[in-house]
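Asker: Any chance you could fold what I've pasted below:
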Amino acid sequence: MIPQSFIQDLLNRVDIVDLIDRYVKLKRSGANYSACCPFHSEKTPSFTVSQTKQFYHCFGCGAHGTAIGFLIEYSGLGFIDAVKELAQSVGMQVPEERTEKPAHKTNEGESLYDVLLKAAQFYRNELRNAPHAIEYLKNRGLSGDIAKRFGIGYAPDGWQNLQAVFPDYNKKSLVESGLVIQSENGKRYDRFRGRIMFPIVNERGNIIGFGGRIIGKGEPKYLNSPETKIFEKGRELYGLFQARKAIRDEKKVLVVEGYMDVIGLAQYDMGFAVATLGTAATGNHIQKLLRVTDDIVFFFDGDEAGRRAAWRALENSLPYLVDGKQVSFLFLPEDEDPDTYVRKSKDTDKWETVLFSDFLIRELRSKVDLAKPEGRTKFLGDAKPLVKQIVAPLYSFMLRKQLAETVGITQQELDAEFQIKTQAAPMPARRSAPARPSNVRNALELLVVDPSFKRLADRAQLARTAVAEGSDQQELRALDKLLETLETQPQISKFGEYFRGTEFGELFDSVEAGVLRWQELGFDAAELQAEFEGAWQALIRERGMAAQALKSRAATLRPEDVEKIRLLKQIDTSIQPK
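Answerer: Now for the predicted structure:
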């Protein structure tokens, strides 16, 4: 676990404006900076970055957070990797409060990343001395720049070529990294021999494994590294690290079947392709891709094997579908591969893709005769377990409507058969004036604007007037927790990160987003203090009135009355200062 004090220090050193400007061009707008939001499509900028509060917020889609949160959302990194990347950018070393050995370290204390990097450098050097391998790549249409971009190399024939890089060929790290195989009799030999080598890179740019393609005849045609402490095929996508910018620019990602498909498409300026690593697309793959784009297109051969692979991808996608995001399929014509196909049409908007719902219904229909009751019954029986996995409410609603129309029944009848609680059709949200923030919300936001306002608040006063009733109980408890925290840590500034992992984590993310509202109003320090004092006094007043109302209601009831007992319990269940 990374110490919270380090997180605070890191965020104090990082300038969020400099960070975000590397990815999204910012323009000054008053006291803040603005741009079109990188997380949704828009023409008028609603993405705001505050240098004062070191926070970003989109008034269009609601995305908000700190520098760490931006890296997580924009680059698809996990929390720890985002912290490490930020720390590296400002020259800080991340301490880790744990006694167990890091996953990327071997039992000998050596980094698997370092071992794999040395091997990759060896393979790249060997490619220069392998004219037949270079000729193969040229025949596939690859340029030297593309080969360099993806770090392509060559593993020569021979059983122990890696001994040239690792003189101690018996090191455990060579086996743990998957580079070397140790037989039952103890003999060792290189896993990859006589193959074009494709380094597999994670989101941070570290090599975590390899794929090797045999030149000429031999089996298997493609050989991947085995799963290790740092490489899990069901979680990684080949080419994602190199494709992230192109995916954002194109606003879609192509999921193809192999290394050469990814590289071939990149050669034709179609750098937004990734590939699974010899497995069907998993739920982890889908989640990872939907974090970086709203549009996934699976690219498969049009034969039976391609349709089976597409169906597996469909099944694995069902629980991860999101309203407003699209998954579709593109099936290649016979005798085509992805790079020859895109040479004919680089205009992705004109590709004849099959939408997720259409593909699902088409495949289910192909197995039955809908003209007969038995066929319609089987159709619905096959569809039911698929639909039940979809948690996206609007998408589920529309798909059920399409299924009902296909078999000629009403959606209500289908929902009853599928045991889905029927609801009215989702309607577009009605635009209305924004609700006025409550006094407790204003107090929270203003404390985040200026934590020194803590001196103007009395926790004991809050406890005396708080009761266990009302919709703002979490915000009241959060306010009490914030006041308690500021007693011992008055310099805290990044509240969302500080409370991450607690019951208040998401709430403080939202509160920090609301802080921008106060900055936009342009209040000076005296005006902000007056606002806080007014919000605090109004809060104490309204909570006191709520407590008195409960007491008055309780006074009218007999001592043994259940309602009286409940009311008294509500009065007693107050926020107690610690």
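Asker: Now do the SS call for D369.
Answerer: Secondary structure, DSSP: H, G, I helix; E, B strand; the rest coil: D369 is coil.
Asker: Leaving out the residues flanking it, which one is nearest to it?
Answerer: In this structure, D369 finds its nearest non-sequential neighbour in G375, 3.9 Å apart by CB to CB, 6 or more residues apart in numbering. C-beta coordinates here come from the backbone N, C-alpha and C atoms, glycine included.
Asker: Counting by contacts, list what the helix or strand encompassing the one you found packs against.
Answerer: For G375, the element it lies in under DSSP states H and E is helix 373-387. Under the contact criterion of 3 or more CB pairs under 8 Å, 6 or more residues apart in numbering; DSSP states H and E, helix 373-387 touches helix 356-365, helix 393-407, helix 411-417.
Asker: Could you check the angle the second one makes with helix 356-365?
Answerer: This means helix 393-407. If you take axes from the mean of the first three to the mean of the last three CA atoms, to 10 degrees, helix 393-407 sits at 40 degrees to helix 356-365.
Asker: tell me how far helix 393-407 is from the chain's mean position?
Answerer: Taking the mean of its C-alpha atoms, helix 393-407 sits 27 Å from the chain's own mean (CA atoms, centre = their mean, to the nearest Å).
Asker: circling back to that earlier point, could you save the helices and strands packed on helix 373-387 as TSV and add columns showing mean neighbour count, mean pLDDT and distance to Y154?
Answerer: Formatted as TSV, the helices and strands packed on helix 373-387 follow (neighbours: other CB atoms under 10 Å; pLDDT from 0 to 100; distance: least, CB to CB, whole Å):
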stretch	mean neighbour count	mean pLDDT	distance to Y154
helix 356-365	17	96	39
helix 393-407	17	93	46
helix 411-417	16	93	57
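Asker: For V24, which of these is the nearest?
Answerer: Evaluated over the helices and strands packed on helix 373-387, closeness to V24 peaks at helix 393-407, with 28.5 Å, by CB to CB.
Asker: The closest one vs helix 373-387, what angle?
Answerer: Taking the same axes, to 10 degrees, helix 393-407 and helix 373-387 form an angle of 170 degrees between their directions.
Asker: Show me what helix 393-407 is packed against.
Answerer: Packed next to helix 393-407, using 3+ CB pairs under 8 Å, 6+ apart, are helix 356-365, helix 373-387, helix 411-417.
Asker: got a markdown table for these, with distance to K43 too?
Answerer: Formatted as a markdown table, those follow (distance: least, CB to CB, whole Å):
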| stretch | distance to K43 |
| --- | --- |
| helix 356-365 | 27 |
| helix 373-387 | 36 |
| helix 411-417 | 35 |
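Asker: picking that back up, ok, now how distant is the residue nearest to D369 from L386?
Answerer: For G375, the distance to L386 (CB to CB, to the nearest Å) stands at 17 Å.
Asker: Quick check on Y222: phi, psi?
Answerer: Dihedral pair for Y222: phi -120, psi 140, per degrees, to the nearest 10.
Asker: hang on, it packs against E257?
Answerer: No: using CB atoms under 8 Å, Y222 makes no contact with E257, being 10.2 Å away.
Asker: mind listing what the closest residue in space to L254 that isn't next to it in sequence touches?
Answerer: Of all residues beyond its chain neighbours, the one nearest L254 is A273 (4.2 Å), with distances taken as CB to CB, 6+ apart. By CB atoms under 8 Å, 6 or more residues apart in numbering, the contact list for A273 reads G239, A243, V253, L254, V255, V256, D261, V262, L265, A266, F299, P338.
Asker: what's the neighbour count on the fourth one?
Answerer: By that I understand L254. Residue crowding around L254 was assessed by other CB atoms under 10 Å; the count is 27.
Asker: again, but for the first one
Answerer: For G239, the neighbour count with other CB under 10 Å is 26.
Asker: same question, the third one
Answerer: A total of 25 residues lie near V253 under the criterion other CB under 10 Å.
Asker: Distance of it relative to K84?
Answerer: Separation of V253 from K84 (CB to CB): 25 Å.
Asker: try the fifth one
Answerer: When CB to CB is applied, the distance between V255 and K84 equals 27 Å.
Asker: So which of the two has more stuff around it?
Answerer: Each of V255 and K84 has its neighbours counted (other CB under 10 Å); V255 has more, 24 against 19.
Asker: how many neighbours does the nearest residue to the more buried one once chain neighbours are set aside have?
Answerer: In space, V255 comes closest to F298 once its chain neighbours are excluded; the distance is 4.9 Å by CB to CB, 6+ apart. Using other CB under 10 Å, F298 has 26 other residues around it.
Asker: hmm, who's touching the helix or strand where F298 lies?
Answerer: Per DSSP H and E, F298 falls inside strand 295-301. Taking contacts as CB under 8 Å, 6+ apart, the residues outside strand 295-301 that touch it are 251-257, 261, 273, 281, 286, 289-290, 306-307, 309-310, 313, 325-332, 338, 348, 351, 353.
Asker: which of the residues you listed are buried?
Answerer: By neighbour count, with 16 or more other CB atoms under 10 Å, the contacts of strand 295-301 hold 252-257, 261, 273, 281, 286, 289-290, 306-307, 309-310, 313, 326-332, 338, 348, 353 as buried.
Asker: what about the strand or helix carrying V83, distance to the chain center?
Answerer: Assessed by DSSP H and E, V83 sits inside helix 79-89. Distance of helix 79-89 from its chain centroid, counting by CA atoms, centre = their mean, is 16 Å.
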